[in-house]
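[1] Sequence first, predicted model second:
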Amino acid sequence: MRIVKNNKLFKRLLVAFLALVIVACVVVPIPYYIEEPGETINLKELITVNDQKDKHKGSFSLTSVGIRRATIFTALKSKVDPFHEIISEEDLTGGASDDEYLQIQKFNMETSQNFAIEQALKLANKPYEMNYQGVYVLGVEKNSNFYGKISVGDTVTKADDKSFTSSEDFMKYVKAQKIGQKMKVTYIHNDETKEATEKLIQLPTDKKPGIGITLTDHTEIDSQDKVKIDAGDIGGPSAGLMFTLEIYEQLLGKDLRHGKKIAGTGTINSDGEVGRIGGIDKKVASAAASKNQIFFAPDDEITKELQKIQPGIKSNYEEAKAAAKKLKTNMKIVPVKTVQDALDYLAKMK
């Protein structure tokens, strides 16, 4: 009789243990992420020009990649779900902390917006000025004497009380000093101006003195035309092309889309070039699910050097076409190298 009771107890414990294992597989996160089709967002909802909304038919939409922390269950599920991919934390963040990653994504979005506004104003022949705000910090080396003081997302405005008009000028000044020399750096952290004085280190790249930060220009557009982009929590640079098209249409007050639903992706730079992005297959899937008729894809050049590093790599346009074929969608995939390529296509679309 005792053996029977023990067997029943063992079975109950086994069931409870298995239940805990299943819950853990479904709920407990692992150090991986799932990339999947995200939202496709009509830019009429995000952008106004001179306090006016786009009232023309059709739409320009940005596309996004959804990212969520993986569990064992979702990681396994991603192996069979189309357009889902598991990636490591290192591949996603590049070794940055969660806060640093979010700061970098925020800056990339702000830069994307600035370049998009600049390109749209250029195309519309509208006057503007690009104002230099300082040096934006993208990373701080652990061997830097400023590590733990200056952070990713800060904006460096001065060195030894000297102001600069570009990050290049800032770097020239720093490199003209001596290794081990103390330098006072003025920077903005969370909208508060701060100062830190530390010794310069020897940079491993060129053996010159430096403060040990990865930097880029922090600029803002000044224009008579008031362009407002309410991107919310969306981060990254990949909406640059679509931002440009939507802003340009609103600046002209002219219907460029002819009633079509148009989505797309691609970075934009100060020369109007459309750059490569990641996860384009997932963006195509998102755009197709939202019933878009046209999708602009970066037609980036794959160099021999890049092919050596990543054998089998394809251009974004080729990846987008392959995704559309897999989806069996009628959405037309259009290759673009510049924003002008997209405008030329729209002009012929009547």
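    All right, it came through fine.
[2] For the rest of this, base every contact and every neighbour count on C-alpha atoms.
    Noted.
[3] Quick one, grab the pLDDT at residue 248.
    Looking at residue 248, its pLDDT is 97.
[4] Just give the number of residues close to it.
    By the other C-alpha atoms under 10 Å criterion, the neighbourhood of residue 248 contains 24 residues.
[5] Leaving out the residues flanking it, which one is nearest to it?
    Once flanking residues are discounted, residue 248 sits nearest to residue 120: 4.7 Å by C-alpha to C-alpha, 6 or more residues apart in numbering.
[6] Which strand or helix spans the one you found?
    Here residue 120 sits within helix 98-123, counting by DSSP states H and E.
[7] check contacts around the residue nearest to residue 248.
    244, 245, 247, 248, 251 (C-alpha atoms under 8 Å, 6 or more residues apart in numbering).
[8] By neighbour count, which of those wins?
    Ranked by neighbour count (other C-alpha under 10 Å), the contacts of residue 120 have residue 247 at the top, with 28 neighbours.
[9] I figured that residue hits residue 117, correct?
    Yes. Under the criterion of C-alpha atoms under 8 Å, residue 247 makes contact with residue 117 at 6.8 Å.
[10] Common neighbours of those two, please.
    residue 227.
[11] Residue 167 contacts residue 215, doesn't it?
    Yes. The pair residue 167 / residue 215 is scored as a contact, 7.4 Å apart, by C-alpha under 8 Å.
[12] Which neighbours do these two have in common?
    Taking C-alpha under 8 Å, 6+ apart as the criterion, residue 167 and residue 215 both touch residue 135.
[13] Would you state the strands of the stretch 51-200 of the chain in chain order?
    Along the stretch 51-200 of the chain, counting by DSSP state E, counting those that start in this stretch, strands occupy 59-71, 85-88, 128-140, 155-159, 162-163, 182-189, 192-199.
[14] now those in JSON lines, with mean neighbour count?
    Formatted as JSON lines, those follow (neighbours: other C-alpha atoms under 10 Å):
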{"stretch": "strand 59-71", "mean neighbour count": "22"}
{"stretch": "strand 85-88", "mean neighbour count": "18"}
{"stretch": "strand 128-140", "mean neighbour count": "19"}
{"stretch": "strand 155-159", "mean neighbour count": "22"}
{"stretch": "strand 162-163", "mean neighbour count": "13"}
{"stretch": "strand 182-189", "mean neighbour count": "19"}
{"stretch": "strand 192-199", "mean neighbour count": "14"}
